[in-house]
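In: whatever this is, show me its structure:
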Amino acid sequence: MVTFESFSGVALDFLEGLSTPRSLTLAIMLRHEEFGQLVNLDIDPLHYNNADSFSRDASATSFLRKCQGLNTGIDTKRAALDSFFRAEEKCCLSNVRFSRHLNGGPFGDIDMRVHSFYGRVKSEISKILGPLPPNLLGRFGPGATLNDRGRFVTIPDKMSSRSTVTQGARCLLDLWYPNAWARARARDQSQIFDPLTVRGNRFTSVPKTAKTDRGIAVEPSINCFFQLGVGGVIRSRLRRYGLDINFAQDIHRQLACEASSQGHLATLDLSSASDTISYQLVRLLLPTDWFLLLDSLRSPTTEVEGRTIVLQKFSSMGNGFTFELETLLFWSLARCVARDLSLDVSAVRCFGDDLIIPVEMTRALTAVLAYSGFEVNLSKSFSSSAFRESCGGDFFNGVAVRGHFVKELPSQPQHYIALANGIRRLATRTGMFDESYRKAWLKVLSFLPARVRACRGPEALGDLLIHDAPNYWNVRVRNSIRYFKTYAPVSRAVPLTRWDEQVQLAAALYGVPSTGPIKRGSVSGYRERWASFS
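Out: Have a look, this model is predicted:
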């Protein structure tokens, strides 16, 4: 079994191999187990004048920044809770502010200009959304709901448990009763067929970084089902209007790369964006019919720390339409600012809270966002340096400089394969293998059994194998098809016969394969297997 001491040897080789003042400082902190200081170090691209020096320091700084399991002395769950309550306080202030706009004043001169601006934003959103959909088709998500937890979150599991719904969403049950899910529970099981009415959602958190968890909300099952349906409609309306968020991430990374060398675009990121979308802002900006639909599906309360909190935010992460709603709001706000400044509206891009805008409108949009209750994350927003960051792509003067994040202490071969590949990606980003990373890369490989270490091939196959130069690939060719030796996960599907016939039929109608669903976290092991790749 690989111990932390063994892994720390890899981390020390990695940091010392980079041999910069920053990396050596981090190495000293690691030797003395000063993990709290280590994960709190930041890096400012304004302090650098070339991609190579920034890349090395960024790689050192980010290496353990998100690593779960380090004894940092930080209560990450408490940090997520504190963030939740701070966001609620901000939303409360925003709700008071926007109540004046909803009630028609009283306004001063500046307030009137702001009120007029929000009117233009509402008009923009109305054009994007169009009329309500004639039919609302829900769908299942992969996550938990109020009565479906842990590994028991497959579609048949959700169809078999007691359905949950908020009082506000009961008006949509006429759309739910005719579907296959409801029919599967009808028969004589009235106590299951009649959904359980609940007050709202439940707060929980999932790992995010070594400093904080990410707060999310677990929604009632029927609410979530239709929230995802509404999210899909908003997504399609955005696509019809010119913003296809299904492919936005690749576009954002390309634009960030170009902007880092040309300087014509700024990249903005917001802090706790979804948690600071206040109720009254949504009411102010959305057409009335759309607002009423979304309002009926949101959870008005959250159960947290044994208390029931009446929410000031409109929706949180975990709600099935939150991502599409925040994309719609931020894109519309930014487009209206660009139009008011006579800038190219088509240059405005948005993916959730990742914004790309003409650099000339940075100050104006920042002010609009602040008035709207949002905070631009200054440590992750860039408009004046040679650095840009968007959708997981970091670029300095046109060069990719994103580091590798170790998200958990490695203990299994698959963890070390991913770590080796992350280090190799850093080592080869300029084409040749940078020898600064060689010692750490080889040490990671030394933890792998020989048979796993033999699984080598191209990057296109991901972390199923070790990325290496073509002359080291473990490949066979049969009938002109290449087969690579991989170290692949083994998952076993749960037979549909575990559920009753009505649930089996309904699950099939929602796309569950005849072999049965695969439970979340059901990987039973890993094994070497040959995978075809042309």
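
In: what's around the nearest residue to residue 334 once chain neighbours are set aside, how many residues?
Out: Leaving out its chain neighbours, the residue that sits closest to residue 334 by C-beta to C-beta, 6 or more residues apart in numbering is residue 348, at 4.7 Å. Any C-beta I mention is one placed from the backbone N, CA and C, and that applies to glycine too. Applying other C-beta atoms under 10 Å, we find 25 residues neighbouring residue 348.

In: quick one: residue 348 from residue 226, how far?
Out: In this view, residue 348 and residue 226 are 30 Å apart by C-beta to C-beta, to the nearest Å.

In: what's near enough to touch the residue nearest to residue 334?
Out: Residues near residue 348 by C-beta atoms under 8 Å, 6 or more residues apart in numbering: 331, 334-335, 338, 355-358.

In: and those residues, which are buried?
Out: 331, 334-335, 338, 355-358 (16 or more other C-beta atoms under 10 Å).

In: isn't residue 43 up against residue 22?
Out: Yes: with contact defined as C-beta atoms under 8 Å, residue 43 reaches residue 22; the gap is 7.4 Å.

In: what touches both of these two?
Out: 57, 61.

In: going on from the helix or strand where residue 258 lies, what's the next piece of helix or strand?
Out: Residue 258 is part of helix 248-262 when elements are defined by DSSP states H and E. Heading C-terminal from helix 248-262, the first helix or strand you meet, by DSSP H and E, is strand 265-271.

In: surely residue 316 touches residue 322?
Out: Yes: using C-beta under 8 Å, residue 316 is in contact with residue 322, at 6.5 Å.

In: shared neighbours of those two, anything?
Out: Joint contacts of residue 316 and residue 322 (C-beta under 8 Å, 6+ apart) are residue 274.

In: relative to strand 265-271, how tilted is the longest helix along the chain?
Out: Looking across the chain with DSSP state H, the single longest helix is helix 76-102. Inter-element angle recorded for helix 76-102 and strand 265-271: 110 degrees (by axes from the mean of the first three to the mean of the last three C-alpha atoms, to 10 degrees).

In: packing partners of the helix or strand following helix 76-102?
Out: Reading on from helix 76-102 to the C-terminus, the next helix or strand found by DSSP H and E is helix 109-129. If contacts are counted by 3 or more C-beta pairs under 8 Å, 6 or more residues apart in numbering; DSSP states H and E, helix 109-129 sits against helix 76-102, helix 221-240, helix 279-285, helix 322-340.

In: so after the third one, what's the next helix or strand?
Out: I take that to be helix 279-285. helix 288-297.

In: so which elements touch that following helix?
Out: Applying 3+ C-beta pairs under 8 Å, 6+ apart, we find helix 288-297 packed against helix 221-240, helix 279-285.

In: which elements pack onto the first one?
Out: What that stands for is helix 221-240. When contacts are defined as 3+ C-beta pairs under 8 Å, 6+ apart, helix 221-240 packs onto helix 109-129, strand 164-166, helix 173-176, helix 288-297, helix 322-340.

In: which one of those lies nearest to residue 79?
Out: helix 322-340 (20.8 Å; C-beta to C-beta).

In: tilt between that closest one and strand 265-271?
Out: 140 degrees.

In: flag every buried residue along helix 322-340.
Out: Quick answer for helix 322-340 (16+ other C-beta under 10 Å): 322-338.

In: and stretch 38-49, by the same measure?
Out: Neighbour-count burial for stretch 38-49 flags 38-39, 41, 43, 45, 48 (criterion: 16+ other C-beta under 10 Å).

In: cool, stretch 273-291 as well?
Out: Buried, per 16+ other C-beta under 10 Å, within stretch 273-291: 273-287, 290-291.

In: distance of the closest residue to residue 343 other than its chain neighbours from residue 412?
Out: Nearest residue to residue 343 in three dimensions, chain neighbours excluded: residue 358, at 4.8 Å (C-beta to C-beta, 6+ apart). Residue 358 sits 47 Å away from residue 412, going by C-beta to C-beta.

In: same check, this time on residue 153
Out: In terms of C-beta to C-beta, residue 153 sits 24 Å off from residue 412.

In: cool, residue 441 as well?
Out: In terms of C-beta to C-beta, residue 441 sits 18 Å off from residue 412.

In: with neighbour numbers in mind, choose between these two.
Out: Legend: neighbour count by other C-beta under 10 Å for residue 441 and residue 412, higher for residue 441 (23 against 13).

In: the more buried one in helix, strand or coil?
Out: helix (DSSP: H, G, I helix; E, B strand; the rest coil).

In: check which helix or strand the closest residue to it other than its chain neighbours maps to.
Out: Nearest residue to residue 441, sequence neighbours excluded (C-beta to C-beta, 6+ apart): residue 423, at 4.8 Å. Per DSSP H and E, residue 423 falls inside helix 413-427.

In: so in the chain, where's the weakest helix or strand by average pLDDT?
Out: helix 190-193 (a mean of 54; mean pLDDT, DSSP states H and E).

In: could you list the paired strands of the helix or strand just after that one along with their orientation?
Out: Next along the chain after helix 190-193, taking DSSP H and E as the criterion, comes strand 196-198. The strands beside strand 196-198 in its sheet (DSSP bridges) come out as strand 164-166 (parallel).

In: quick one: mean pLDDT for the partner strand?
Out: For strand 164-166, mean pLDDT rounds to 97.

In: residues in contact with it: which ones?
Out: So strand 164-166 is contacted by 145-147, 173, 195-200, 220-223, 299-300 (C-beta under 8 Å, 6+ apart).

In: counting neighbours, what do you get for residue 501?
Out: Residue 501: 10 surrounding residues under other C-beta under 10 Å.

In: meant to ask about residue 221, not that
Out: What residue 221 shows, counting by other C-beta under 10 Å, is a neighbour count of 25.

In: OK, contacts around it?
Out: For residue 221, the contact set (C-beta under 8 Å, 6+ apart) comprises 145-148, 158, 161, 163-165.

In: got the angle between the one helix or strand residue 445 maps to and helix 413-427?
Out: Residue 445 belongs to helix 438-446 when elements are defined using DSSP H and E. Helix 438-446 and helix 413-427 are oriented at 160 degrees to each other (the same axes, to 10 degrees).

In: how far is the helix or strand just after helix 438-446 from where the chain is centred?
Out: Downstream of helix 438-446, the first helix or strand assigned by DSSP H and E is helix 450-453. Relative to its parent chain, helix 450-453 has a centroid offset of 33 Å by C-alpha atoms, centre = their mean, to the nearest Å.

In: for helix 450-453, buried residues please.
Out: 452-453.

In: what about it, average pLDDT?
Out: 96.

In: domains of the chain?
Out: Using automatic domain parsing, the domain parsing of the chain gives 4-67+405-448, 155-244+272-343, 472-532.

In: out of those, the one nearest residue 251 is which?
Out: Across the domains of the chain, closest to residue 251 is domain 155-244+272-343 (C-beta to C-beta), at 8.6 Å.

In: how far off centre is the closest one?
Out: So, by C-alpha atoms, centre = their mean, the centroid of domain 155-244+272-343 is 16 Å from its chain's centroid.

In: dihedrals phi and psi, the nearest residue to residue 221 once chain neighbours are set aside?
Out: Excluding the flanking residues, the one nearest residue 221 by C-beta to C-beta, 6+ apart is residue 145, at 4.0 Å. In terms of degrees, to the nearest 10, the main-chain angles of residue 145 are phi -130, psi -180.

In: okay, now residue 145: neighbour count?
Out: Residues contacting residue 145 under the criterion other C-beta under 10 Å number 25.
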